[in-house]
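**Student:** Here is a sequence with its predicted model. Questions after.
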Amino acid sequence: MALYPKLILDALSHVRYPGTGKDIVSSEMVEDNIRIDGNKVSFALVFDKSNDPFAKSLVKACEQAILTYVGPEVEIKGNIEVRFKKPLPVEEEKPLSQVKNIIAVSSGKGGVGKSTVSSNLAVALAQEGYKVGLLDADIFGPSVPKMFGLEDARPILEPVGTRELIRPEEKYGVKMLSIGFFVDPNSAVLWRGGMASNALKQLITDANWGDLDYFVVDLPPGTSDIHLTMVQTVGITGAIVVSTPQEVALADARKGISMFTGEKVNVPILGLVENMAWFTPAELPENKYYLFGKEGCKKLAQELQVPLLGQIPIVQSICEGGDGGVPVACNPDSATGAAFAELARNVVKQVELRNANLPQTKKVEVKK
């Protein structure tokens, strides 16, 4: 009996791939190079993935089809090679895999108190009983070491499994890292974007953060490579945008929101924080003086249909606490401490809503 490739292909056209129901010839699962040596026939079957569950059964079906439609004298058993287009992916541990929620704190412009909000939010969350980490991602203007009184801290490496990881500093119940721990505080950081991004990745992936309920990331102001690096490196639960009430700050806050909700970033907005909402002198605690406008952030939140997470007043203790290394949230009985405690509770609420996929976390449309 004369054997030729078309005879073999005609027989194999009776074999259907269970995953699609289509025959394996028209599905191009049979390689063109069919080898015939006397009665011996050999060829290769090609599967998309190396863990295809039908590979073994399909080989037996091909053997049976050739013996049935060509002839029982064909030597085919053991001559069908199995090949794969895609190798089985190697499972890699994701960065911050032990962290439940990652909160990015951002601002459209500098000078609105974003780092103050980040630091005090982290402390307030810790006082609520959560395990909290704080990453100072403002590579060019790190301020967390100063705010926590850790300017002289120099994190060390510690063995974790087969690796040596950076051990974050810890104070007031918050684990923290900042590029400020590794550079001269009196010298400017003159790095290009790629160097800054790599340094940030190292603080994320080469540090022993451990189990955390909340990981607060103090982003640099504006929009930059750092923001994209964060989004590409870890899965951010949601973003908080900090602004002051005046129009110029609100205009930049819009840009920040637009960046997070854009297609390239696509991070949910948990809400806005209005910092420096009013000034209350210590001797007149009931009085409110709106130095930068009244409730501008509240109006913006209503317009964009996102929550206003908190309004933080200006008091002298905030500045003194930041300069002295004791965040004002450490004193929840003070007016400002109470404001940060409320902010922490509101953030937790919005995170829970977001994780439950409720409508409150729908994408924000930002007016140009």
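**Tutor:** Received, thanks.
**Student:** Please tell me how far the nearest residue to Asp23 once chain neighbours are set aside sits from Leu45.
**Tutor:** Distances taken as C-beta to C-beta, 6 or more residues apart in numbering put Ser13 closest to Asp23, at 4.9 Å, once the chain neighbours are dropped. All C-beta atoms are positioned from the backbone trio N, CA, C, and that covers glycine. In this view, Ser13 and Leu45 are 14 Å apart by C-beta to C-beta, to the nearest Å.
**Student:** Mind telling me what element the nearest residue to Val105 once chain neighbours are set aside is part of?
**Tutor:** Leaving aside its chain neighbours, Val105 sits nearest to Ser118 (4.3 Å; criterion: C-beta to C-beta, 6+ apart). Secondary structure from DSSP states H and E places Ser118 in helix 114-127.
**Student:** For the helix or strand just after that helix, give the mean pLDDT please.
**Tutor:** Using DSSP H and E, the helix or strand that directly follows helix 114-127 along the chain is strand 132-136. Taken as a whole, strand 132-136 has a mean pLDDT of 96.
**Student:** ok, now stretch 161-169?
**Tutor:** Mean pLDDT, stretch 161-169: 91.
**Student:** Please work out which residues outside that stretch touch it.
**Tutor:** The contact list for stretch 161-169 (C-beta atoms under 8 Å, 6 or more residues apart in numbering) reads 133, 148, 150, 153, 155-158, 175-177, 181, 202-203, 206-209.
**Student:** on that earlier part again, against Val41, how distant is the residue nearest to Asp23?
**Tutor:** Distance from Ser13 to Val41, by C-beta to C-beta: 15 Å.
**Student:** So which of the two has more stuff around it?
**Tutor:** A count of neighbours by other C-beta atoms under 10 Å puts Val41 above the other of Ser13 and Val41, at 22 against 15.
**Student:** Distance-wise, check the residue lying closest to the more buried one once chain neighbours are set aside relative to Asn39.
**Tutor:** Closest residue in space to Val41, ignoring its immediate chain neighbours: Ile76 at 5.2 Å, by C-beta to C-beta, 6+ apart. Counting by C-beta to C-beta, the gap from Ile76 to Asn39 is 9 Å.
**Student:** between those two, which one's more packed in?
**Tutor:** Ile76 (21 against 13).
**Student:** Surely the more buried one and Asp37 touch.
**Tutor:** No - in this structure, Ile76 is not within contact of Asp37 by C-beta atoms under 8 Å, at 11.9 Å.
**Student:** who touches the residue nearest to Val105 in this structure?
**Tutor:** Ser118 sits next to 105, 134, 144, 216-218 when contact means C-beta under 8 Å, 6+ apart.
**Student:** quick one: which of the residues you listed is most hemmed in?
**Tutor:** Counting neighbours by other C-beta under 10 Å, Leu134 leads the contacts of Ser118 with 33 neighbours.
**Student:** Flag every buried residue along stretch 202-213.
**Tutor:** Buried residues in stretch 202-213, counted by 16 or more other C-beta atoms under 10 Å: 203-205, 207-209, 212-213.
**Student:** cool, stretch 212-232 as well?
**Tutor:** So, applying 16+ other C-beta under 10 Å, buried residues of stretch 212-232: 212-224, 226-227, 229-231.
**Student:** and the residues you listed, which of them are in strands?
**Tutor:** Among the buried residues of stretch 212-232, the members found in strands (DSSP state E) are 212-218.
**Student:** Need the nearest residue in space to Leu135, chain neighbours excluded.
**Tutor:** Distances taken as C-beta to C-beta, 6+ apart place Val217 nearest to Leu135, at 4.9 Å, with adjacent residues excluded.
**Student:** Which parts of the chain are helices?
**Tutor:** Per DSSP state H, the chain carries helices over the ranges 5-12, 55-69, 114-127, 144-147, 193-205, 225-233, 247-261, 296-304, 316-324, 335-355.
**Student:** so can I have JSON lines of those helices showing mean pLDDT?
**Tutor:** Shown next, in JSON lines, are the helices of the chain (pLDDT from 0 to 100):
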{"stretch": "helix 5-12", "mean pLDDT": "92"}
{"stretch": "helix 55-69", "mean pLDDT": "92"}
{"stretch": "helix 114-127", "mean pLDDT": "95"}
{"stretch": "helix 144-147", "mean pLDDT": "91"}
{"stretch": "helix 193-205", "mean pLDDT": "80"}
{"stretch": "helix 225-233", "mean pLDDT": "73"}
{"stretch": "helix 247-261", "mean pLDDT": "78"}
{"stretch": "helix 296-304", "mean pLDDT": "84"}
{"stretch": "helix 316-324", "mean pLDDT": "62"}
{"stretch": "helix 335-355", "mean pLDDT": "92"}
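**Student:** and these, which is most packed in?
**Tutor:** helix 114-127 (a mean of 27; mean count of other C-beta atoms under 10 Å).
**Student:** how about it as CSV, C-alpha atoms only?
**Tutor:** Listed next in CSV are the C-alpha coordinates belonging to helix 114-127 (Å, rounded to 0.1, in the frame of the first residue of the first chain):
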residue,chain,number,x,y,z
LYS,A,114,0.2,66.0,50.6
SER,A,115,3.0,64.5,52.7
THR,A,116,1.4,65.8,55.9
VAL,A,117,-1.8,64.0,54.9
SER,A,118,0.0,60.8,54.0
SER,A,119,2.0,60.6,57.2
ASN,A,120,-1.0,61.4,59.5
LEU,A,121,-3.3,59.1,57.6
ALA,A,122,-0.8,56.3,58.1
VAL,A,123,-0.6,57.0,61.8
ALA,A,124,-4.4,57.3,62.1
LEU,A,125,-4.9,54.0,60.4
ALA,A,126,-2.4,52.4,62.8
GLN,A,127,-4.2,53.8,65.7
